[in-house]
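Novice: quick check, what structure comes out for this input:
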Amino acid sequence: MAVHDILGQASGLSVARLLAPSPKTRIEHTWWSHCLPPDLMAAEAKLGASLGYRVHKVKAGHWQGCAT
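Specialist: Next up is the predicted model:
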């Protein structure tokens, strides 16, 4: 990260601009939850949708009992 900071300072660009010359103009906010049983996952998805989220990311991992 320090190298990126030095490059940014030397070039007069932000680190974000160094990593993506044309960054996104819009960021999609994401609802996320852990891996849950199907009935709870459906409830989480409905809750996220009711709050206006259009993307639901599931944090799945072997430590949560999910098949990865």
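Novice: name the residues of the top helix by length along the chain that come out as buried.
Specialist: When the chain is parsed with DSSP state H, its longest helix is helix 38-50. Applying a neighbour-count criterion of 16 or more other Cβ atoms under 10 Å, one finds 44-45, 48 buried in helix 38-50. Quick note: C-beta positions are derived from backbone N, CA and C, even for glycine.
Novice: isn't there a strand covering His56?
Specialist: Yes - judged by DSSP: H, G, I helix; E, B strand; the rest coil, His56 forms part of a strand.
Novice: quick check: it vs Asp39, distance?
Specialist: To Asp39, His56 is 15 Å away according to Cβ to Cβ, to the nearest Å.
Novice: now the least confident helix or strand in the chain by mean pLDDT - C-alpha only, PDB.
Specialist: Lowest on mean pLDDT, DSSP states H and E among the helices and strands of the chain sits helix 15-19, with a mean of 84. Extracted C-alpha coordinates of helix 15-19, given in PDB (Å, rounded to 0.1, in the frame of the first residue of the first chain):
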ATOM      1  CA  VAL A  15      -4.600   5.400  -5.400                       C
ATOM      2  CA  ALA A  16      -8.100   4.700  -6.600                       C
ATOM      3  CA  ARG A  17      -7.300   6.400  -9.900                       C
ATOM      4  CA  LEU A  18      -4.000   4.500 -10.100                       C
ATOM      5  CA  LEU A  19      -5.800   1.100  -9.700                       C
END
